[in-house]
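In: I would like the atomic coordinates for the input below:
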Amino acid sequence: ASLSLDYAKIRKAAIEAKKNEYLYNWVMRTIRNTFIHVDQRFLDMCPNLEPWVAASGTAASGK
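Out: Residues are numbered from 1 along each chain as shown. Got it, this is the predicted structure:
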């Protein structure tokens, strides 16, 4: 592997990493000001939703 042969792959990976970082930072800034109700069924299936529920200060009890 060399930079000249793999430049396109390395460039694409770097761009994707920047996009992911930007999106993650946006979510972390926005999460505090966004109301979201998550049904407990989905919370159990997708632990990535837990920060949204925690930031809202309420449990996803379905009430």
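In: mind checking the SS state of residue 13?
Out: What DSSP: H, G, I helix; E, B strand; the rest coil gives for residue 13 is helix.
In: repeat for the one 5 residues further on
Out: When states are read from three-state DSSP, the local structure at residue 18 comes out as helix.
In: the helices in the protein, which residues?
Out: Counting by DSSP state H, the segments of the chain that form helices are 3-30, 40-45, 50-56.
In: Quickly compare the ones you listed and say which is most buried.
Out: Ranked by mean neighbour count, the helices of the chain are led by helix 50-56 with a mean of 14 (mean count of other CB atoms under 10 Å). C-beta here means a position set from N, CA and C on the backbone, and glycine is covered the same way.
In: re earlier: may I see the helices of the chain organised as TSV, with mean pLDDT added?
Out: Compiled in TSV, the helices of the chain are given as follows (pLDDT from 0 to 100):
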stretch	mean pLDDT
helix 3-30	93
helix 40-45	84
helix 50-56	79
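In: which residue is nearest the middle of this protein?
Out: In the chain, the centroid-proximal residue (CA atoms, centre = their mean) is residue 24; its distance is 5.1 Å.
In: Residue 5 versus that residue, what's the distance?
Out: When CB to CB, to the nearest Å is the yardstick, residue 24 and residue 5 sit 30 Å from each other.
In: residue contacts, residue 35?
Out: Contacts for residue 35 were tallied using CB atoms under 8 Å, 6 or more residues apart in numbering; they are residue 56.
In: Look up how far residue 46 lies from it.
Out: Separation of residue 35 from residue 46 (CB to CB) stands at 18 Å.
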